[in-house]
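Undergrad: No letters, just coordinates:
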């Protein structure tokens, strides 16, 4: 441990006396390049539908999404992450629409890359938006989520997204072995530049509620849960095992989800593996801060930036956050 001069020779407050000194010795900083913006996309034209449980968040049709993508580029936000809102008529027990090359996500990916080639595009690899039961995989007769048959479908989904031109596929399903299967399939198909950001430590959290409302899977899921494949919130050693497996199987980047309640996991992952590590500030976290700010209980901009800085301090290289646009605008003003 580094020794420090005792008081009065050592006065830590000297380095807090004025703004230039605080700026000079600051250990961590947040920039727009640290942000990934998750967006909800839907079919149709001229649609911007508000998500009631996530103030300020909307479901976009492609034409209304394009100006948002343009602003991301202008603000220096490097990646937009796409989450689909699928018509209920297209949902099936097997989630077949997930790998339809003419489906919503492939079309949005192709349009975004054609219009904004400099903007990174990331896609979710999971079946819950596409299944009639709201689970992330195929079910057996008892309702248990099957692992290996689900992985086969996830591989088809990832290949479909890669063929559409996506930059990063992000398997969020938590099936065993899916990273290796997706990586092998991408290599075999010649998609050697497609990156994988693995949701490696995704917990069976109560903080996902507003997201499920946004994509329309909450009703399908009903009173069921995802505890047989998402991680137990009481475990942290298990997260390291999961991350280690995904890295060995070919993940380029790993993610911890949710975010702020799991900053200890972010720190452990970064310290143990020293790989690009991301965290998802999920819908419930966003909704809580928004609600408190709307009630005048918290300073919106201050808590937004403080919460995002906390991810950087914990070791995250970047953050998926619904605050991305607001934060980037504010950071630009502060330059």
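TA: In hand now; what should we look at? On a predicted model such as this, the values are computed, not experimentally measured, just so you know.

Undergrad: The closest residue to residue 231 other than its chain neighbours and residue 112: what is the separation?
TA: Nearest in space to residue 231, with sequence neighbours left out and distances taken as C-beta to C-beta, 6 or more residues apart in numbering, is residue 203 at 4.6 Å. C-beta: built from backbone N, CA, C; applies to glycine. Counting by C-beta to C-beta, to the nearest Å, the separation of residue 203 from residue 112 is 30 Å.

Undergrad: Look at residue 133 and give its secondary structure.
TA: coil (DSSP: H, G, I helix; E, B strand; the rest coil).

Undergrad: Distance-wise, check it relative to residue 265.
TA: Distance from residue 133 to residue 265, by C-beta to C-beta: 29 Å.

Undergrad: Give the residue from those two that has the larger number of neighbours.
TA: Neighbour totals were compared for residue 133 and residue 265, and residue 265 leads with 28 against 20 (other C-beta atoms under 10 Å).

Undergrad: what's the longest helix in the chain?
TA: In the chain, with assignment by DSSP state H, the single longest helix is helix 148-164.

Undergrad: So in this protein, where's the weakest helix or strand by average pLDDT?
TA: Least confident element among the helices and strands of the chain, by mean pLDDT, DSSP states H and E: helix 218-221 (a mean of 62).

Undergrad: Where does the prediction get shaky in the stretch 151-300 of the chain?
TA: 216-223 (pLDDT under 70).

Undergrad: Apply 90 and report the result again.
TA: Low-confidence segments of the stretch 151-300 of the chain (pLDDT under 90): 209-225.

Undergrad: one step back: same question for the following helix or strand past the least confident helix or strand of the chain: list its buried residues.
TA: Using DSSP states H and E, the helix or strand that directly follows helix 218-221 along the chain is helix 237-249. For helix 237-249, the neighbour count (16 or more other C-beta atoms under 10 Å) marks 239-240, 242-243, 245-247, 249 as buried.

Undergrad: Report all helices and strands that helix 237-249 contacts.
TA: Contacts defined by 3 or more C-beta pairs under 8 Å, 6 or more residues apart in numbering; DSSP states H and E place helix 237-249 against helix 178-188, strand 195-202, strand 253-257, helix 263-273.

Undergrad: If I take the third one and helix 237-249, what angle do their directions form?
TA: Using axes from the mean of the first three to the mean of the last three C-alpha atoms, to 10 degrees, the direction of strand 253-257 lies 160 degrees away from that of helix 237-249.

Undergrad: and strand 253-257, which strands flank it?
TA: Using DSSP bridges, strand 253-257 pairs in its sheet with strand 195-202 (parallel), strand 277-281 (parallel).

Undergrad: what does it contact?
TA: Strand 253-257 has contacts (C-beta atoms under 8 Å, 6 or more residues apart in numbering) with 168, 170, 172, 195-203, 205, 239, 243, 246-247, 262, 265-266, 269, 273, 275-280, 282, 316-317, 320.

Undergrad: again with the first one
TA: Applying C-beta under 8 Å, 6+ apart, the contact partners of helix 178-188 are 125, 150-152, 154-155, 158-159, 162, 169, 171, 192, 194, 196, 198, 245-246, 249-251.

Undergrad: now the residues you listed: which count as buried?
TA: For the contacts of helix 178-188, buried by 16+ other C-beta under 10 Å: 125, 150-151, 154-155, 158-159, 162, 169, 171, 194, 196, 198, 245-246, 249-251.

Undergrad: If we ignore the residues flanking it in sequence, what's nearest residue 140?
TA: residue 146 (5.6 Å).

Undergrad: Cool, thanks, talk later.
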